[in-house]
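Visitor: Sequence first, then the predicted structure:
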Amino acid sequence: MPKVSRFELPPVDFGGETLGQRIARIRKERGLTQVELAEKIGIIQPIVSSVESDERKLFAEMAVRFAQALDVSMDELLGPGRRTKKDKSPSRKILRRMERIETLPRTQQIALLKTIDNALELQSLKTGTR
């Protein structure tokens, strides 16, 4: 157990979120559950939960393990600021759904994709984005 620092250091600015919140956000963007992330790292889910809730601080080796499991650089995990949209890859949740769609008969794929396209078009009309 690491010693508690006697220094009163100011909190680190992670771009408007705590380190735990950043890990939770990246995990969710990747479509992972806490259990899945824990398995990738080789730890148990309660540890992931305590890190995400900022109850447990990460030491260097564990930060590396989290970064590797989340497929991000240490700079993205620990650096200030947030990841930009253009760097964002599809989440695992979306990829899994796409794989399931590909297993459907072609006519069902077309119907489902038309429904998705219509919903996206409606949303872009509401928000004024295309």
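Guide: That came in fine, so what should we check first?

Visitor: quick check: longest helix of the protein.
Guide: Ordering each helix of the chain by length in residues (DSSP state H) puts helix 106-127 first.

Visitor: In the lowest-mean-pLDDT helix or strand in the chain, which residues are buried?
Guide: Lowest on mean pLDDT, DSSP states H and E among the helices and strands of the chain sits helix 92-102, with a mean of 87. Buried positions in helix 92-102, judged by neighbour count with 16 or more other CB atoms under 10 Å: none. In short, each C-beta sits where N, CA and C put it, glycine included.

Visitor: helices or strands up against it?
Guide: When contacts are defined as 3 or more CB pairs under 8 Å, 6 or more residues apart in numbering; DSSP states H and E, helix 92-102 sits against helix 106-127.

Visitor: Could you list every helix and strand that the helix it packs on packs against?
Guide: helix 92-102.

Visitor: which residues touch the helix it packs on?
Guide: 30-32, 90, 109, 112-113 (CB atoms under 8 Å, 6 or more residues apart in numbering).
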